[in-house]
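Peer 1: take this sequence and fold it.
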Amino acid sequence: QICDRGRTQTAVTYLEREEEYMALLPDARSCILDFLAWPDRNGCFRAYLLTTKNGLELIEFREGSLAALARANDRWKQIYESRTTIATATELVTDICFQLDELIFSAPVRIAARTGAVKRCRLLDHLNETLAEGSGLAPRSLCIIPHRFLFLMPLHAAARQEQGRIRYLLEDFVVSYAPSAYLLHYARHRERLPQKALHALVVGNPMPSPRPLNGAAVEARLVARQLRSLGWSVEELTDIAATRKAFLHGSALDENRGVAGIYSGTYSHIHLAQHALIQDNGHAALIFAERQNAAERECSEADILKASLSRVDAVVAATCVSSVTDPDTDDYLGLGAAFLRAGVRTFLGSLYPLSDVGSQRLIPEIYRLRFLEGLSWAQSLRAAQLEMLRNSGGQTENDNDALAQDRGVSSGVRLTQNVPSPEHPYHWASFAA
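Peer 2: A predicted model of the protein is given here:
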């Protein structure tokens, strides 16, 4: 029943290796939701749901649902265009959050179990009924494996009206993402090299650049200071020293204090606050100090894949579109997948152009929660987003100026007088773990 629809190989992989994938679920509060955004004969799309209670289930969404999502995506892609204003970007984020809930999480679905049992209800209701109760210290977790254009969308910020207020999906779950079930399995089970020391690399605002990121420079200094206060050895790669060559191969340790470079395999953490872009071939690249040709300033996915990063616990990429993939392909392309395949355990990146307001408010709190409160990276991101959502504290006098700076090169948003307040998802929903 499952194998005769959609990508047969995906279903066969789950069915033949279900026990292995079940081992990815740490407890009864956790689940994996793997989307398959190819239409069946009725224009429906599907997902595989894996829980400890029910094992593997097939979720079928209502007729025409995929076409509705495709229309939503056609409009959502405006957020990557350089002519898009802050007012339009805010509207786009608001709309996509409600559409994701309407078309996916609050939508009526058909759920087929391997036993042959069939159930019809809302997906969110089924998750609440199937997963064990969570708590503040041990919340429910939802690992989402998107497909095609769903990789572009902030699914964790799916929004619904409930008891007179807006409630977001991340209020119910710790939401994380994986490029594929295979890579999730690989990342969890591959051999981990021991960390030799608490050694971090922090990149900030490579210069010269036609679009300097003053907020990124401030953020990089703050992160370096935070890590040093916790006993870390930190190498900083900023301004004119932040070249592609230094990032990959290192620079003399007595020149501008120097760095070892990611090819050295010595780091246990990497933080990136800089420009990034999506190339014409759908691949992503980090942008370093401007040079005469792209090969000298663009660090590609292929460059990253050459590194051995099995000692790196996390990469925090506070750059635009660092978690984005090409929605026209069936494979995951992007900086996140490249770092994970190179050995990194967790990648925090962004789904659409960042404002400095969101990044500067979230990043210090994420680090505090991770290293002082002992939360996981995904839990730290969620807690920081909830703090920003519930206790924004109002806008600062610098927020309007910071909003004018985004960290994408070929895409971005322009400042207008219609600036959303910091609790709006435009500022925090871009970040994903």
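Peer 1: pretty sure Ile318 contacts Ala216?
Peer 2: To be clear, residue 318 is Ala; Ile isn't right here. Yes - counting by C-beta atoms under 8 Å, Ala216 is a contact partner of Ala318 at 7.2 Å. (Each C-beta comes from the backbone N, C-alpha and C, glycine too.)
Peer 1: quick one, which of these two is more surrounded?
Peer 2: Ala318 (32 against 26; other C-beta atoms under 10 Å).
Peer 1: for that one, what are its contacts?
Peer 2: Contacts here follow C-beta atoms under 8 Å, 6 or more residues apart in numbering; on that basis Ala318 touches 216, 219, 271-273, 350, 354, 359, 363, 407.
Peer 1: in ChimeraX, select just the buried ones from the residues you listed.
Peer 2: For the buried members of these, the matching ChimeraX selection, counting by 16 or more other C-beta atoms under 10 Å, is:
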select :216,219,271,272,273,350,354,359,363,407
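Peer 1: between the contacts of Ala318, which is closest to Leu33?
Peer 2: Set against Leu33, the nearest of these by C-beta to C-beta is Ser350 (21.1 Å).
Peer 1: now Ile262: how far from Phe149?
Peer 2: Per C-beta to C-beta, to the nearest Å, Ile262 is found 31 Å from Phe149.
Peer 1: more crowded one of those two?
Peer 2: Using other C-beta under 10 Å as the criterion, Ile262 and Phe149 rank with Ile262 on top: 25 against 19.
Peer 1: please name the nearest non-neighbouring residue to that one.
Peer 2: Ala307 (4.6 Å; C-beta to C-beta, 6 or more residues apart in numbering).
Peer 1: wait, that neighbour sits on Gly265?
Peer 2: Yes - if you go by C-beta under 8 Å, Ala307 and Gly265 touch, sitting 7.2 Å apart.
Peer 1: find residues that contact each of those two.
Peer 2: Common neighbours of Ala307 and Gly265 (C-beta under 8 Å, 6+ apart) do not exist.
Peer 1: neighbour count winner among those two?
Peer 2: Neighbour count, other C-beta under 10 Å: between Ala307 and Gly265, Ala307 has more, with 21 against 16.
Peer 1: so what's that one up against?
Peer 2: 248, 262-263, 265, 342-343.
Peer 1: repeat that for Leu24.
Peer 2: 32, 50, 143, 184-185, 188.
Peer 1: separation between the residue nearest to Phe98 when sequence neighbours are not counted and Leu124?
Peer 2: Once flanking residues are discounted, Phe98 sits nearest to Ala159: 5.2 Å by C-beta to C-beta, 6+ apart. Using C-beta to C-beta, Ala159 is found at 12 Å from Leu124.
Peer 1: quick one: which of the two has more around it?
Peer 2: Ala159 (25 against 19).
Peer 1: separation between Ser355 and Ala429?
Peer 2: Ser355 is 11 Å from Ala429, by C-beta to C-beta.
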